[in-house]
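# structural data only, the sequence is not supplied:
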């Protein structure tokens, strides 16, 4: 390989690194990952047909919790840890959830009404399929 070609390859390798420092937030490195994944520290409703009753049918696949208070905090984790996590009520704006460097997060569901309150928890990274979980919180 000629010295001129070697210099050109070094220059091509350095240009993306130089451009990343232009005030833009660098994209997280997600080599080999195609989907955001996560876990919740909440119970998951049993799968079943819609006629199987409230827990087994209507909330099938949803994470569930019960509280007597107007708010509920719960934890979980997301991968990659650089994912943006939001908790969106059935009606209203999504609240951003703080994610630690290890991917652990703590979400707060607020202004719970008596009865069932439904939320959507999402983990997103540009270019990857999102992680989406329905959350059903019942306030007694």
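Yep, it's here. Keep in mind it's a predicted model, so treat the numbers as computed, not measured.
# residues touching the spatially closest residue to residue 125 that is not a sequence neighbour, list them.
Excluding its sequence neighbours, the residue lying closest to residue 125 (CB to CB, 6 or more residues apart in numbering) is residue 83, at 4.9 Å. Backbone N, C-alpha and C define where each C-beta goes, glycine included. The contact partners of residue 83, by CB atoms under 8 Å, 6 or more residues apart in numbering, come to 36, 38, 99, 103, 123, 124, 125, 131.
# who wins for neighbours among the residues you listed?
residue 123 (26 neighbours; other CB atoms under 10 Å).
# what comes into contact with the host helix or strand of it?
Residue 123 belongs to strand 115-124 when assigned by DSSP states H and E. Here strand 115-124 makes contact (CB under 8 Å, 6+ apart) with 36-38, 40, 62-63, 76, 78, 83-90, 94, 97, 107, 109, 130-139.
# filter those down to the ones in strands?
By the criterion of DSSP state E, membership of the contacts of strand 115-124 in strands covers 37-38, 40, 63, 76, 78, 84-89, 97, 107, 109, 131-139.
# that'll do, ta.
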